[in-house]
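**Q** Sequence and predicted structure below; questions after.
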Amino acid sequence: MGLKDLFSSAGRSKNRLDKSMRGAINPYGQSADRYYAMQQLLDIGTLPSLIGLMRRFTINASKSIEDEEEKSWVYNRLVGLDKALVLAAAKEFCLNADNIAWVLRIVEELADEQQEWDILDALLAKHPPAYERDPSKKMQLLGHIADIDSPRVEEILARYLDDPDESVRFHVVEALLNNAESNDPDLRVLDPLVNRLGHKDEDSLRLRSRILTGLGRLKWDLSAHQDRILPYLGSEHTFEGGRIKDR
């Protein structure tokens, strides 16, 4: 930024925005200074300033109690603003940031079903079941989706059983089992898990064990799938009366 730009109206506005962003995400600053910077971002009230305010969720202040209080303050302020502007900021933020759990909570609070899926579908397209150096964002996304009451959820989660990262696959197994109910087998859950159990490329013993333990605790009658399950029981599980049991 040149000297002329610095003293122009646009230059002053950008300088204020940049300064407030830096202050809001300084983990070693005083809490009062961060609150001041965050309020400045709210007062600016533009798409970039709200995205900058959401960046507060991506850092942890040195004092944990203050950190949680400040994040809750940001959350409460954002859900009270214009929905369209906040959701636009949330979408751009989530597509470009790594720590998105708090902002997805804001989306859940403000968006209708179509608006929420518009954001989630954009994130799913950007983070398919393929290699990523750091899968933590993908797991935040899938964890959020797992809590949605929608017929789309199990199909989406099942796709990520083919993710090359074992931690993602394990996370999905947990989500599918947690969403299942202990009554008649839910084929939307059962088929993907049994398929993964016998997948030729699955080399995670803990994942296979978790599938078997989870299916056993659901107490489903799996007689129809016995031939696909028996080769993978190992030493920790048995198959009795059509059900998987821990030894």
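**A** Looks like it came in fine. Numbers count the residues shown, from 1 in each chain.
**Q** okay, CA-based contacts and neighbour counts for the rest of this
**A** Fine.
**Q** Can you pull up the most central residue in the protein?
**A** In the chain, the C-alpha nearest the mean C-alpha coordinate belongs to residue 140, at 1.9 Å (Cα atoms, centre = their mean).
**Q** That one reaches residue 103, doesn't it?
**A** No: when contacts are counted by Cα atoms under 8 Å, residue 140 is not listed as touching residue 103 (10.8 Å).
**Q** Which residue is the nearest non-sequential neighbour of residue 237?
**A** residue 246 (4.5 Å; Cα to Cα, 6 or more residues apart in numbering).
**Q** Pull out the buried positions in stretch 228-237.
**A** Of all the residues in stretch 228-237, those buried under the rule 16 or more other Cα atoms under 10 Å are 229, 233, 237.
**Q** Ok, stretch 17-26 next?
**A** 17-18, 20-26.
**Q** Looking at the buried residues of stretch 228-237, which is nearest residue 153?
**A** residue 229 (24.6 Å; Cα to Cα).
**Q** Which of the buried residues of stretch 228-237 fall within strands?
**A** With strands identified by DSSP state E, the entries of those that belong to them are residue 237.
**Q** Can you lay out the buried residues of stretch 228-237 as JSON lines showing pLDDT and distance to residue 112?
**A** Shown next, in JSON lines, are the buried residues of stretch 228-237 (pLDDT from 0 to 100; distance: Cα to Cα, whole Å):
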{"residue": "229", "pLDDT": "96", "distance to residue 112": "41"}
{"residue": "233", "pLDDT": "94", "distance to residue 112": "44"}
{"residue": "237", "pLDDT": "96", "distance to residue 112": "44"}
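**Q** Excluding chain neighbours, give the residue nearest to residue 155 in space.
**A** Residue 155 sits nearest to residue 188 (Cα to Cα, 6+ apart), 7.0 Å away.
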